[in-house]
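J.: What would the 3D arrangement of this be:
(one chain, ligands or ions: 1)
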Amino acid sequence: MSATPEKNPGKKTPGVRVSGLTVVYRTQAGELPAIRGIDLELPPGTITGVVGESGSGKSTLALSLLNAVQPPGRISAGSVEIDGLGDVVKLRGEDLRKARGRHIGYVFQAAQNSLNPLKTVGKQLLDLGRSHGVDDLRGLVKDARELLGRMGLDGARVLDSHQHELSGGMRQRVGIMLALVLNAHLVVLDEPTTALDMITQANILRIVREVHAERGLTTMIITHDLGVVAEVADRLAVMYGGQIVEQGATMDVLGAPRHPYTQGLIRAIPRLVGDIDEASALPGRPPTLGTIPAQGCVFRDRCVLRMDVCETVEPPVVVRGTSIVACHAVEAADRDGHAPAAEAPEPGTGGGESPASAPETAEEAQETVGARGPAGVQDIRGEQP
Ligand SMILES: Nc1ncnc2c1ncn2[C@@H]1O[C@H](COP(=O)(O)OP(=O)(O)OP(=O)(O)O)[C@@H](O)[C@H]1O
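T.: Residues are numbered from 1 along each chain as shown. Predicted structure coming up:
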């Protein structure tokens, strides 16, 4: 079912290594970092989920993988090494245009609104194919129809339609089709299922996983929804205040979360089994560009484990098994050989819950996060002040 695979000889499942990536946006207060010093690896053939509240920098990270951060933003430091392409941060002009679509397929967050209103979907598909030098345009159309069909749409009808004739959910599926149809082997999906109802969302996630496996893709999915991650992702990166605070194999991170933020996110999810009142919202709000601390731990203002050192010193990176955590309290606990202890939180600083109620086993995490299926699980979008 691959689109013109013979046109892509030698394309292999790429690994991706993000190193020291910093992106700044120009504001009235000067250039401020939206993500700072991010290190992340996407191993070939894996699906990595990136979660975090609104404003944590997920979309900025996704755009950076395509070197598509637009002014007033810019990548100010770091590299994004993609096997077969090199450092995309250094790509310019035609090389960059060719890489997008052909090597890196993507669905942006506003995919529902990104179609050209004046052209049918089919015409836009042909334009896309031509601009990327696809010779077998019939094969491209056939693959597009098949992909749309798998996502529950009448492919021929959709290709004949203009944007205004399609619902938000249909447009979102068109976006996913356009991301996959050129047979890119690195696929970046930014909130691919937000406009979809639960059943359609589950269906789309199943297809994303199937296509990922069939074509040997490396995939990154940005989402607010821990249920989506539990459903599809092999690996998980948790973002807060422009940094990755915890990452690892999904079931390790969800089954035994170590960072207080990850524990808070999981505790905030209502459980279907047991006492539904056990769920407790994460107190406080995530920082904005202007309020992200310039030094020390970005999460400290909402953290029940906050210590003096968190004010000024970058959290050390603690590795255990597949999981990598950036936290002073976790590091101190590892050093002293006990679980991180929560101090009584000060009034108004947030917190108050012991981290002990986070799930302790992979089974318990699945029960918490996955019990309601991929959709309808607690959305962790935090409100921006
Ligand atoms: N064009 C821009 N100009 C100024 N600041 C921006 C711009 N785009 C994003 N930001 C800021 O950068 C930070 C990270 O935003 P980003 O959209 O990457 O986060 P996110 O985690 O994807 O959020 P959401 O889930 O709401 O999309 C936020 O503080 C946001 O306000």
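
J.: quick one: the closest residue to Thr193 other than its chain neighbours and the ligand, what's the gap?
T.: Counting by CB to CB, 6 or more residues apart in numbering, Gln201 is the residue found nearest to Thr193 once chain neighbours are left out, at 4.3 Å. (Each C-beta comes from the backbone N, C-alpha and C, glycine too.) Taking CB to the nearest ligand atom, to the nearest Å as the measure, Gln201 and the ligand are separated by 17 Å.

J.: cool, Thr120 as well?
T.: With distances taken as CB to the nearest ligand atom, Thr120 is found 29 Å from the ligand.

J.: which SSE is the residue nearest to Thr193 in?
T.: With the criterion set as DSSP states H and E, the secondary-structure element containing Gln201 is helix 198-215.

J.: Contacts for the helix or strand that comes right after that helix, please.
T.: Using DSSP H and E, the helix or strand that follows helix 198-215 in sequence is strand 218-223. Residues lying outside strand 218-223 but in contact with it, judged by CB atoms under 8 Å, 6 or more residues apart in numbering, are 13-16, 42-51, 58-59, 61-62, 65, 109, 185-193, 208, 212, 228-229, 232-233.

J.: what does stretch 331-343 give?
T.: By CB under 8 Å, 6+ apart, stretch 331-343 touches 258, 260, 304-307, 315-316, 318, 320, 327, 329-330, 351, 354-355.

J.: from these, which would you call buried?
T.: Listed as buried from the contacts of stretch 331-343 are Arg258, Pro260, Val304, Leu305, Arg306, Pro315, Val318, Cys327, Ala329, Val330, Gly351, Pro355; burial here means 16 or more other CB atoms under 10 Å.

J.: Am I right that the first one is in contact with Thr322?
T.: Spelled out, it's Arg258. No - using CB atoms under 8 Å, Arg258 and Thr322 do not qualify as a contacting pair, with a distance of 11.5 Å.

J.: Got the confidence number for Gly274?
T.: Here the pLDDT value assigned to Gly274 is 56.

J.: typo on my end, it should be Ser131
T.: Among the per-residue scores, Ser131 holds a pLDDT of 88.

J.: Run through the stretch 201-350 of the chain and note the low-pLDDT ranges.
T.: Along the stretch 201-350 of the chain, the model assigns pLDDT under 70 to residues 270-279, 341-350.

J.: And the residue most central in space within the chain, how far from the ligand?
T.: With distances taken as CA atoms, centre = their mean, Ile222 lies nearest the centre of the chain, 2.0 Å away. Counting by CB to the nearest ligand atom, the gap from Ile222 to the ligand is 7 Å.

J.: And that residue, how far from Leu128?
T.: 22 Å (CB to CB, to the nearest Å).

J.: If you compare the directions of the one helix or strand Leu189 maps to and helix 198-215, what angle comes out?
T.: Under the assignment given by DSSP H and E, the secondary-structure element containing Leu189 is strand 186-190. Between the axis of strand 186-190 and that of helix 198-215 there is an angle of 170 degrees, by axes from the mean of the first three to the mean of the last three CA atoms, to 10 degrees.

J.: Show the average pLDDT along strand 186-190.
T.: Confidence over strand 186-190, taken as the mean pLDDT, stands at 93.

J.: Give me the helices and strands touching that strand, please.
T.: Judged by 3 or more CB pairs under 8 Å, 6 or more residues apart in numbering; DSSP states H and E, the packing partners of strand 186-190 are helix 58-65, strand 104-107, helix 168-180, strand 218-223.

J.: Just the CA coordinates for the helix or strand encompassing Leu236, please, in PDB.
T.: Assigned by DSSP H and E, Leu236 belongs to strand 235-240. As requested, the backbone C-alpha atoms of strand 235-240 are provided in PDB (Å, rounded to 0.1, in the frame of the first residue of the first chain):
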ATOM      1  CA  ARG A 235       8.400   5.900  24.000                       C
ATOM      2  CA  LEU A 236       7.300   8.900  25.900                       C
ATOM      3  CA  ALA A 237       8.800  12.400  26.500                       C
ATOM      4  CA  VAL A 238       7.200  14.600  29.100                       C
ATOM      5  CA  MET A 239       7.700  18.400  28.500                       C
ATOM      6  CA  TYR A 240       7.400  21.200  30.900                       C
END
